[in-house]
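K.L.:
following is a predicted model, sequence given first.
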Amino acid sequence: MQLRQIMTSGVVTAALDADVFRVAQLMRDHNVGSVVLCDPEGEPVAMITDRDLAIRALAEDRPGSEPAREHASRPLVTGEPEMDLEEAAALMVQHRIRRLPVVDGEELAGIVTLDDIAVRTGNLEVAQRMTQEVIEGALPDFFFHERG
């Protein structure tokens, strides 16, 4: 299965100089957890997530007028529409990311998330394992507990 078959084509984007407050509004208005930041030519260059906003901006009491690029994740890790799902999954685990923008040439074509992989492939077990590997890689000292 290729990424083009499971990606979401409507990606929420903002200019690289968009402020934190505007990016948060975009997330709320479009009900998404991330926004791809694009340079003046429209090429994707960074991604900012709801977690980035919470941890790097709001918890640090940064002004909402501050540029989102100051808190964005870089470098931007991307996939290609023809990339196999297994290759994309390995890339996501390797870079400890839950969202993978899909770029066709220099143009943003879509995005694939761990949730997309679970829903669109019907393999919840694979998505759960990937999520666990991404989280454990990002937070190696975090203690995971079973909820009862």
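P.N.:
Perfect, thanks for sending it.
K.L.:
ok, now how distant is the most centrally placed residue in the chain from Gly64?
P.N.:
Nearest residue to the geometric centre of the chain (C-alpha atoms, centre = their mean): Arg99, 3.2 Å. Distance check for Arg99 against Gly64: by C-beta to C-beta, to the nearest Å, it reads 23 Å. The C-beta positions use only the backbone N, C-alpha and C, and glycine is treated the same way.
K.L.:
now do the contacts for Ala18.
P.N.:
Neighbour list for Ala18: 37, 67-68 [criterion: C-beta atoms under 8 Å, 6 or more residues apart in numbering].
K.L.:
looking at those residues, which has the most residues close by?
P.N.:
The most crowded member of those, judged by other C-beta atoms under 10 Å, is Ala68 (26 neighbours).
K.L.:
give me phi/psi at that residue?
P.N.:
The phi/psi pair for Ala68 (degrees, to the nearest 10) reads phi -60, psi -30.
K.L.:
that one touches Val35, doesn't it?
P.N.:
Yes: using C-beta atoms under 8 Å, Ala68 is in contact with Val35, at 7.4 Å.
K.L.:
any residues in contact with both of the two?
P.N.:
14, 23, 48.
K.L.:
could you verify that the last one is part of a strand?
P.N.:
This points to Ile48. Yes: counting by DSSP: H, G, I helix; E, B strand; the rest coil, Ile48 is part of a strand.
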